[in-house]
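S.K.: Could you look at this predicted model? Sequence included:
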Amino acid sequence: MNGSTLTILEGSTFCICDEIGDVAGATGGLFADDTRFLSRLRLTVNGKRPLLLSSGKVEYFSAAFFLRNPLAGGLGIDELSIERTRFVGQAMEDTLTFENQSMRRIAFEVDLEIGADFADIMAVKAHDFALGDPLNAPPLPQVVAGHWGGDLDELLLEDSDPGGARTRIVFSRPGEVEAQGVRYKLELDPRERWELRVGVFPSRSGDPEIEPRFAERHFGEELAHVRESLVAWRLRVPQLRASWDDLSRSFGQSVSDLAALRMRSGDGNGDPGIGKLPAAGMPWFMTVFGRDTIITCLQTLLFGPELARNALEVLAQLQAREDDPSIDAEPGKIVHEVRRGKAAEHWFARYYGSVDATPLYLILLSEVWRWTDDVVLVERLREPAMRALAWIDDYGDRDSDGFVEYERRTDRGLHNQSWKDSDDSQRFHDGRIADGPIAPCEVQGYVYDAKRRMADIAREVWRDRELSARLDQEADDLRDRFDRSYWIDERGGYYALALDGEKRQVDSLCSNIGHLLWSGIVKPERLERVVDALMAEPLWSGWGVRTMSSADAGYSPLSYHNGTVWPHDNSLIAAGLARYARWSETQRIVQRMLSASGHFDHQLPEVFAGMRRADTPFPIAYPTAARPQAWAAGTPVLLLQLLLGLYPDRRRHQLATNAPTELPSWAGSIRLTGIRAFDGLWDVHVDGGRVRIEPA
């Protein structure tokens, strides 16, 4: 789409439109079930597009567009005002209100051009300049012709492919049928208003029908339900009052974004429980992603354990049971991605091409246990956990060298299967792309942490001391082996990004080394040099840690994984620095990242450009970055936890802090109330730089 875009959503139904509310272009539309059910909705007055006054989101599920008439068909300047409001739930409703603001009677024509191509979301994503290849992407399907109802108040668009996808357009007033939509010929007296409601209902064969006469009631009831759900969500999460505006507003935006990304109970398309989880991000990832879901849950345990418990249960149900190369599945592996509708037919219904989701699953299980002491959950999930451990050793370590590697087994799968999953992310210092199988450094850290944590669970919950001792020994051996194989003495000293298929060090300096701190695999004698590498100018942009250092040949501040700044990446790096009690560096990331959020309306994007803070007055947006995105929304929540030094003390069943004696002055006063841990509520106060915790 050209110009500014605006997106509203509810669950996995969402609409991408332009600044006046029109849906058009290769990537705009109304999407549900990973299918585009509306690819064109274009408003004209006397054959010309209205002019923008102002527009924006009202809530994550609604938007308003205030417009004025074009100079066409005899209309003078600002004689006609147009208000367009939009709500997205299971369906979409537009309300168009025209008012004559002049002192004369005016006549004009209103046209709505409507169409649907029923493209699957992966085909549309290919036309996105950031994540696709528009110049080489296959052409999108043709827009289908609609069939009108007898009273000319209903248009039915039906997909020509099998599957029964269809879009039903219901109008509150009958109009004149045009080749590509509907026309209304209007005459209004001074101050007279005219209103039209348009309901857009995506459906598939077998879905219940909504009769036109019930459409208005349907939208009224659904709007009330969505608003009540948002209020309930906001009341359930901790309440924050802070004098630091960037902290207060970015935290509030995170609460709203994660509410927006919650999928409806019916979004799982037969996969139980998926509707209880947040989708990964707008617009192309409105579904479950194992890695993204797990990291978001780890970031947001301050909100309580519900999201994480649901994720553990659902991902256990989706865990691979068989070896299936066609979907990169192996027994015990945690799912990477779940798709529905036409995307499931053209891509995968389930895809397992993720090397890190499986050890991250074990880390999340342990972290929920640490926050809740829920031994019942840990006992119930023992079998999935043991399957995940077996996958690490039997399938993850493809060549029995003691490291976990990835290599796709299906031609349709992802070339790179770590979090930096773009095709060009695994580069040597000189810019060459590494050949697989690839053993990413951070994944070895995740495995180390997972085995350490599962050793604790085996000892304290499962009472299996033999398993505990074995996992601890395997973690010790991995740490030594990793240090020998990945450490590079050049450039001040750092860990390689990965090992390639010939076990050569992929020697670019990347943000992944911060994840090694988070996992605890970094030996104490390496700590200073790793921290220096992270915070020195080649990696440190001033706004955050870049994904690749500016001293590497493959670096570009606009490359998706080779020089940009990712908020979630920085939150995990900050967590790693805090793990090693590097509070000054932790606080620097917290302060700069939340300050950056203020330049994005306090809604951190998936990624932003890695240009130097000294060279730019504000962080530079990355084109088509996902907003909202789950682990970007989780970032302020984790950063607040790190700033306050909060952690669960499972031995004493209480919330505790290991924050420095005094927080920096910019943190200001903070009151965070209603934190849930160990079936209790806790309040945190910061005044005069000191953190105080008390039961609620």
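M.R.: That came through fine.

S.K.: need the helices for the stretch 501-650 of the chain, in chain order.
M.R.: Taking DSSP state H, counting those that start in this stretch as the criterion, the stretch 501-650 of the chain carries its helices at 512-519, 527-535, 567-579, 583-597, 630-644.

S.K.: Same check on the stretch 351-500 of the chain?
M.R.: Per DSSP H, counting those that start in this stretch, the stretch 351-500 of the chain carries helices over the ranges 357-372, 375-380, 382-391, 441-460, 465-486.

S.K.: CA-only coordinates of the first one in PDB, if you can.
M.R.: Once side chains and other backbone atoms are set aside, the C-alpha atoms of helix 357-372 remain, and they are given as PDB (Å, rounded to 0.1, in the frame of the first residue of the first chain):
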ATOM      1  CA  ALA A 357      11.900 -23.600  20.700                       C
ATOM      2  CA  THR A 358      12.600 -26.900  22.300                       C
ATOM      3  CA  PRO A 359      15.200 -25.900  24.900                       C
ATOM      4  CA  LEU A 360      13.300 -22.600  25.400                       C
ATOM      5  CA  TYR A 361      10.200 -24.700  26.300                       C
ATOM      6  CA  LEU A 362      12.200 -26.300  29.100                       C
ATOM      7  CA  ILE A 363      13.400 -22.900  30.300                       C
ATOM      8  CA  LEU A 364       9.800 -21.700  30.500                       C
ATOM      9  CA  LEU A 365       8.600 -24.800  32.400                       C
ATOM     10  CA  SER A 366      11.400 -24.100  34.900                       C
ATOM     11  CA  GLU A 367      10.600 -20.400  35.200                       C
ATOM     12  CA  VAL A 368       6.900 -21.000  35.800                       C
ATOM     13  CA  TRP A 369       7.900 -23.500  38.600                       C
ATOM     14  CA  ARG A 370      10.200 -20.800  40.100                       C
ATOM     15  CA  TRP A 371       7.300 -18.300  40.100                       C
ATOM     16  CA  THR A 372       4.600 -20.600  41.400                       C
END
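
S.K.: Pull the distance from it to the chain's centre.
M.R.: Centroid displacement of helix 357-372 relative to its chain, using C-alpha atoms, centre = their mean, to the nearest Å, is 20 Å.

S.K.: Hey, what's the angle from that helix to helix 441-460? Just curious.
M.R.: Angle, helix 357-372 to helix 441-460, by axes from the mean of the first three to the mean of the last three C-alpha atoms, to 10 degrees: 50 degrees.

S.K.: Now render the helices of the stretch 501-650 of the chain as JSON lines, adding distance to D683 and mean neighbour count.
M.R.: C-betas here are computed from N, CA, C, even on glycine. Formatted as JSON lines, the helices of the stretch 501-650 of the chain follow (distance: least, C-beta to C-beta, whole Å; neighbours: other C-beta atoms under 10 Å):
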{"stretch": "helix 512-519", "distance to D683": "27", "mean neighbour count": "26"}
{"stretch": "helix 527-535", "distance to D683": "33", "mean neighbour count": "19"}
{"stretch": "helix 567-579", "distance to D683": "21", "mean neighbour count": "26"}
{"stretch": "helix 583-597", "distance to D683": "21", "mean neighbour count": "22"}
{"stretch": "helix 630-644", "distance to D683": "12", "mean neighbour count": "27"}
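
S.K.: okay, these in a markdown table with distance to G164 and mean pLDDT next?
M.R.: A markdown table is the format used below for these (distance: least, C-beta to C-beta, whole Å; pLDDT from 0 to 100):
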| stretch | distance to G164 | mean pLDDT |
| --- | --- | --- |
| helix 512-519 | 44 | 98 |
| helix 527-535 | 52 | 98 |
| helix 567-579 | 38 | 98 |
| helix 583-597 | 43 | 97 |
| helix 630-644 | 30 | 97 |
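
S.K.: Quick one: closest of those helices to V314.
M.R.: Across the helices of the stretch 501-650 of the chain, V314 has its closest neighbour in helix 630-644 (14.5 Å, C-beta to C-beta).

S.K.: For the helices of the stretch 351-500 of the chain, could you give me a markdown table that also reports distance to Q641, mean neighbour count and mean pLDDT?
M.R.: Formatted as a markdown table, these follow (distance: least, C-beta to C-beta, whole Å; neighbours: other C-beta atoms under 10 Å; pLDDT from 0 to 100):
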| stretch | distance to Q641 | mean neighbour count | mean pLDDT |
| --- | --- | --- | --- |
| helix 357-372 | 11 | 25 | 98 |
| helix 375-380 | 21 | 14 | 97 |
| helix 382-391 | 25 | 19 | 98 |
| helix 441-460 | 18 | 24 | 98 |
| helix 465-486 | 25 | 16 | 98 |
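
S.K.: want to throw those into TSV with distance to R529?
M.R.: Output for the helices of the stretch 351-500 of the chain, formatted as TSV (distance: least, C-beta to C-beta, whole Å):
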stretch	distance to R529
helix 357-372	25
helix 375-380	37
helix 382-391	32
helix 441-460	15
helix 465-486	12
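
S.K.: which one of the ones you listed lies closest to R650?
M.R.: Ranking these by proximity to R650 (C-beta to C-beta) places helix 357-372 first, at 5.3 Å.

S.K.: I'd like to know which elements that closest one is packed against.
M.R.: Where contact means 3 or more C-beta pairs under 8 Å, 6 or more residues apart in numbering; DSSP states H and E, helix 357-372 is packed against helix 290-299, helix 306-318, helix 375-380, helix 382-391, helix 441-460.

S.K.: Let me see the residues that make contact with the fourth one.
M.R.: Just to be clear, that refers to helix 382-391. For helix 382-391, the surrounding residues in contact (C-beta atoms under 8 Å, 6 or more residues apart in numbering) are 315-316, 319, 330-334, 358-359, 361-362, 365, 450-451, 454, 457, 462, 471.

S.K.: on that earlier part again, now the helices of the stretch 501-650 of the chain in TSV, with distance to T410?
M.R.: As requested, the helices of the stretch 501-650 of the chain are exported to TSV (distance: least, C-beta to C-beta, whole Å):
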stretch	distance to T410
helix 512-519	25
helix 527-535	36
helix 567-579	27
helix 583-597	37
helix 630-644	26
